[in-house]
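In: this one's structure only:
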């Protein structure tokens, strides 16, 4: 395989390795997504079908004030969930990465196993845990931590707790992957040079696992923005998030165009900043890679 | 070359699924699309044996979702079990087969009181009623004692945070309408406004609007009062002596689920046999026992075990034929209900 | 800290295991020890059927998405061209799109191209959302990969297949395995997308659980989860013993 050295032949392997995913995602992802954006410019007819004519009314309808309230609620819940997940997963990943290699994967497995139970069932189990007459609330009442009329279920606190619970493994995995590659000798060196433990962690470890943290943020924040089963099952009367609205419009309310418009709004809110950030970040990555490669070439 | 690879993989995926599911003796297949846990599996097995066929059951959990899927082109189902108002919509959209009653001899058993008083399709032109249910209220008798028969129960601040109403705009606004003495199918905006104020008053005391967890919640003592569907609630009540139920005097909503044959059915002949089979009073009785809902087949009562012949879930309360109301589709005016519901949801 | 997180992770699992032995149908109160849900589980053909569907979908989706995803990661890492920039965007986008949108959009597409909904459409949809996860997991590995090894192997006269089998796969293996595992887990647990693109005979476990929660006894599902966890755990332990013998 000398092709790598010749520019003219370089195209073929590139095309070969690119085509399957490119074509697949073009047909099964891009095309259908565009279809949805198109449907946002339609309206629903009374039988629940989609009208033939084009209109802007569905879009303008979606910008109503009550949707904005729900949107805002969705954003802050997702931000809190993401922050909590990071707070919990960084120390865990840090700890696991320092364990002897033969135990590491067992710890990882322990983190993953809860994911192998059905997620709806896990949510249901939380309802038992947070039950108003359950042991947790009784204990908290006895300790005087919570007032008599406070419940642990059917409120935003429950939604956040359970969302953190379901997202945590997905946050730990990428951070662990990054931490595993981190050279822990650097921390020792910093300590030898007089940095405090905290300072070394903050100034060396965290930047060292930056990519893992970024991945974790993405894999937690995005599903949180779109979640609807959790607010549905453990949320209260004012617990509706954007995902609930979309699902409701798509099913019970028989208004597919409005569901499409809401979904489009959600995906624009998520996709645009994330893609912009990633493209910028990618240039950064590319720089690093090309620096490393040229360094390798020069030593050769 | 790579195209081929992609195609091959796609073909592989298809082949594997076809291999696993397409094989076996080619018995005729009946595809049933219904609510979960809504049919006695032993009866289904009996039917399979009797007609040497295979029944494949898929489930949906809202009429609208099922409708959207069919409308979008989903086909291959032979029998579907929608709620009456949805059967009508589907029929209006020419999605259903006109029923040939010569193939449904057992339709003579269907309750005339239901057909005359409540049914939308009184002549059973496109649907056969399968099960009747009503929305009622279950409560924790151990903790609350007896409570008056009224929707006003949700105004009791003592149970704040321990009560639920359904997360269904027609049902819950409907409760507000009935409380004020209006029709649940009203198109009058003033009446809807009053219903909204009523529901908002109740909302302050509710833990949530819920369709999923109220059964487990009332049984475990998490909730003290819940609004729910009769069959579902009786399944819980039958094993929990500390709970009781109540039918509000202002009226309740009745729902009937029908059996229909979609126009796109692959196997309508088998579908007729299936529907006829479940109208047989003996089978209807078994099915009632399993689901806790009432099949509108008076003859079936004979075949129920003695102790179940007064069961308020399986034997439809006589008074409800007159006092109950059945949900009808409102076409464009549906939007009025949705608007009210959105306002209820968003108000703090 | 890890200990606290483990408790947090396993508290609900403990509840779930306890509930699977609770004779109460809705798992509210403790009504005595019982194995009846396990019996019911093995008698309930619809649950077994749903489990089989879930496994078939997850296996096929994992296999196909791992192959395509790895190839995509390779291309993204190896080549820098305008094609790869758009490729990157295309592989990236599914990660930042909510399930609901993906479900609706694929449903609409299958319908407009008159593809009959069923197990096949579910598999196609699952491959689509698994693909990007695999690609990015493998890509993370590749980015730390020292490509001078390949150069060295070539200089020593190794052919492309030999390089693939002897160098690439062993070195990237953990990354690919991690990607496949991610794909399998995602596919097993997917509810939203399956719900939208499913048709006759394609009810998977999460879809079944959701409707059971509303209308049927969820206790059976507790029992099923326990059986499933036991199965997974056994496989993991066997895997460990097996690899230990090997090395």
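Out: Perfect, I can see it now. If you're wondering where the values come from, they're calculated on a predicted model, not measured in any experiment. Numbers count the residues shown, from 1 in each chain, chains lettered A, B, ... in the order given.
In: now residue A:54, what's its secondary structure?
Out: coil (DSSP: H, G, I helix; E, B strand; the rest coil).
In: who's in contact with it?
Out: By Cβ atoms under 8 Å, 6 or more residues apart in numbering or on different chains, the contact list for residue A:54 reads A:41, A:42. Heads up, the C-betas are built off the backbone N, CA and C, glycines and all.
In: where's the residue nearest to residue C:125 when sequence neighbours are not counted relative to chain A, distance?
Out: Leaving aside its sequence neighbours, residue C:125 sits nearest to residue C:197 (Cβ to Cβ, 6 or more residues apart in numbering or on different chains; 4.7 Å). Using Cβ to the nearest Cβ, to the nearest Å, residue C:197 is found at 10 Å from chain A.
In: now do residue C:36
Out: Distance from residue C:36 to chain A, counting by Cβ to the nearest Cβ: 18 Å.
In: do the same with residue C:39
Out: 19 Å.
In: Am I right that that residue falls within a strand?
Out: No. Counting by three-state DSSP, one finds residue C:39 to be helix, located in no strand.
In: show me the residues around residue B:87 that make contact.
Out: Counting by Cβ under 8 Å, 6+ apart, residue B:87 touches B:96, B:120, B:121, B:126, B:127, B:258, B:260.
In: which residue sits closest to the closest residue to chain B within the stretch 101-250 of chain A in space, ignoring its chain neighbours?
Out: In the stretch 101-250 of chain A, the residue found nearest to chain B is residue A:154; the distance is 4.4 Å by Cβ to the nearest Cβ. Leaving aside its sequence neighbours, residue A:154 sits nearest to residue A:236 (Cβ to Cβ, 6+ apart; 4.0 Å).
In: what's the burial count for the closest residue to chain C within the stretch 101-250 of chain B?
Out: As assessed by Cβ to the nearest Cβ, chain C sits closest to residue B:220 within the stretch 101-250 of chain B, at 2.8 Å. Per other Cβ atoms under 10 Å in any protein chain shown, the neighbour tally for residue B:220 reads 22.
In: wait, doesn't residue A:244 sit right on residue A:229?
Out: No. Contact criterion Cβ atoms under 8 Å: residue A:244 and residue A:229 do not qualify, at 9.1 Å.
In: What spatial separation is found between the residue nearest to residue A:154 and residue A:159?
Out: According to Cβ to Cβ, to the nearest Å, residue A:236 stands 8 Å off from residue A:159.
In: Between these two, which has more neighbouring residues?
Out: Per other Cβ under 10 Å, whichever of residue A:236 and residue A:159 has more neighbours is residue A:159, with 26 against 21.
In: Is the more buried one within a helix or a strand, and which one?
Out: Secondary structure from DSSP states H and E places residue A:159 in helix A:156-181.
In: For that helix, name the packing helices and strands.
Out: helix A:65-97, helix A:101-112, helix A:119-129, helix A:210-226, helix A:229-234, helix C:2-20, helix C:169-189 (3 or more Cβ pairs under 8 Å, 6 or more residues apart in numbering or on different chains; DSSP states H and E).
In: so of those helices, which one's packed in deepest?
Out: Comparing the helices and strands packed on helix A:156-181 by mean neighbour count (mean count of other Cβ atoms under 10 Å in any protein chain shown), helix A:229-234 comes out on top with a mean of 25.
In: need the contact list for the residue of chain C found nearest chain A.
Out: Proximity of chain C to chain A (Cβ to the nearest Cβ) peaks at residue C:98, 2.9 Å away. Contacts for residue C:98 were tallied using Cβ under 8 Å, 6+ apart; they are A:222, A:223, A:225, A:226, A:243, A:246, A:263, A:266, A:267, A:270.
In: Pipe those into CSV and attach pLDDT per row.
Out: As requested, the contacts of residue C:98 are exported to CSV (pLDDT from 0 to 100):
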residue, pLDDT
A:222, 83
A:223, 84
A:225, 88
A:226, 83
A:243, 85
A:246, 83
A:263, 83
A:266, 85
A:267, 80
A:270, 81
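In: Let me see the confidence value for residue A:8.
Out: Looking at residue A:8, its pLDDT is 49.
In: An error on my part: the question was meant for residue A:15.
Out: pLDDT recorded at residue A:15 is 88.
In: packing partners for the helix or strand where it lies?
Out: Assigned by DSSP H and E, residue A:15 belongs to helix A:11-25. Packing partners of helix A:11-25 (3+ Cβ pairs under 8 Å, 6+ apart): helix B:2-22, helix C:45-78, helix C:82-92, helix C:119-142.
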